[in-house]
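quick one, fold the following:
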Amino acid sequence: MPECMVDAAPQRLSARGRVVTFLVPAGYVHSTPHGSVINRGMALAALSSAIIVRARRG
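Numbers count the residues shown, from 1 in each chain. All right, here's what the predicted structure looks like:
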(Lines give C-alpha, C1' and ligand atoms only; values in the text may rest on other atoms or scores of the structure.)
Protein backbone atom coordinates (compact mmCIF):
# COMPACT_ATOMS: atom_id res chain seq x y z
CA MET A 1 0.00 0.00 0.00
CA PRO A 2 1.50 3.36 -0.94
CA GLU A 3 2.16 5.82 1.87
CA CYS A 4 -0.45 8.19 0.45
CA MET A 5 -3.10 5.56 1.20
CA VAL A 6 -2.20 5.16 4.87
CA ASP A 7 -4.90 6.56 7.15
CA ALA A 8 -3.93 7.52 10.70
CA ALA A 9 -6.47 8.76 13.20
CA PRO A 10 -4.99 9.92 16.53
CA GLN A 11 -6.90 8.89 19.63
CA ARG A 12 -6.57 10.05 23.22
CA LEU A 13 -5.50 7.37 25.66
CA SER A 14 -4.69 7.36 29.33
CA ALA A 15 -1.36 8.83 30.41
CA ARG A 16 0.00 5.43 31.40
CA GLY A 17 0.66 2.52 29.11
CA ARG A 18 0.64 4.27 25.76
CA VAL A 19 1.36 1.88 22.96
CA VAL A 20 1.63 2.54 19.24
CA THR A 21 1.59 -0.44 16.93
CA PHE A 22 2.65 -0.35 13.30
CA LEU A 23 1.63 -3.22 11.07
CA VAL A 24 4.21 -3.41 8.30
CA PRO A 25 4.49 -6.12 5.65
CA ALA A 26 7.48 -8.33 6.38
CA GLY A 27 8.11 -9.38 2.81
CA TYR A 28 8.36 -7.80 -0.60
CA VAL A 29 8.50 -9.22 -4.09
CA HIS A 30 11.89 -9.13 -5.76
CA SER A 31 10.80 -6.37 -8.12
CA THR A 32 10.09 -3.88 -5.29
CA PRO A 33 12.65 -1.06 -5.56
CA HIS A 34 14.91 -0.66 -2.55
CA GLY A 35 14.07 3.03 -2.51
CA SER A 36 10.41 2.22 -1.86
CA VAL A 37 11.28 0.07 1.14
CA ILE A 38 13.63 2.73 2.50
CA ASN A 39 11.03 5.49 1.96
CA ARG A 40 8.39 3.49 3.82
CA GLY A 41 10.79 3.02 6.73
CA MET A 42 11.59 6.73 6.79
CA ALA A 43 7.87 7.58 6.71
CA LEU A 44 7.24 5.31 9.69
CA ALA A 45 10.17 6.85 11.56
CA ALA A 46 8.80 10.34 10.88
CA LEU A 47 5.32 9.30 12.03
CA SER A 48 6.78 7.78 15.22
CA SER A 49 8.74 10.95 15.90
CA ALA A 50 5.65 13.12 15.37
CA ILE A 51 3.62 10.98 17.77
CA ILE A 52 6.33 11.20 20.45
CA VAL A 53 6.67 14.97 20.09
CA ARG A 54 2.91 15.43 20.27
CA ALA A 55 2.66 13.18 23.34
CA ARG A 56 5.36 15.18 25.16
CA ARG A 57 3.56 18.45 24.48
CA GLY A 58 0.39 17.09 26.04
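
all helices for this protein, in order.
34-57 (DSSP state H).

which stretches of it have low pLDDT?
Applying pLDDT under 70 to the chain flags the ranges 1-18, 58.

and with 80 instead?
Residue ranges of the chain with pLDDT under 80: 1-20, 23-26, 55-58.

ok, now which ones touch residue 48?
20, 22 (CB atoms under 8 Å, 6 or more residues apart in numbering). All C-beta spots, glycine's among them, are computed from the backbone N, C-alpha and C.

how near is it to residue 56?
13 Å (CB to CB, to the nearest Å).

swap in residue 36?
31 Å.

neighbour-wise, which of those two wins?
Taking neighbours as other CB atoms under 10 Å, residue 36 and residue 56 compare with residue 36 leading, 12 against 7.

for that one, give its distance to residue 26.
Residue 36 sits 15 Å away from residue 26, going by CB to CB.

then residue 32?
Here the criterion is CB to CB. By it, residue 32 lies 13 Å from residue 26.

the two: which is more packed in?
Taking neighbours as other CB under 10 Å, residue 32 and residue 26 compare with residue 32 leading, 12 against 5.
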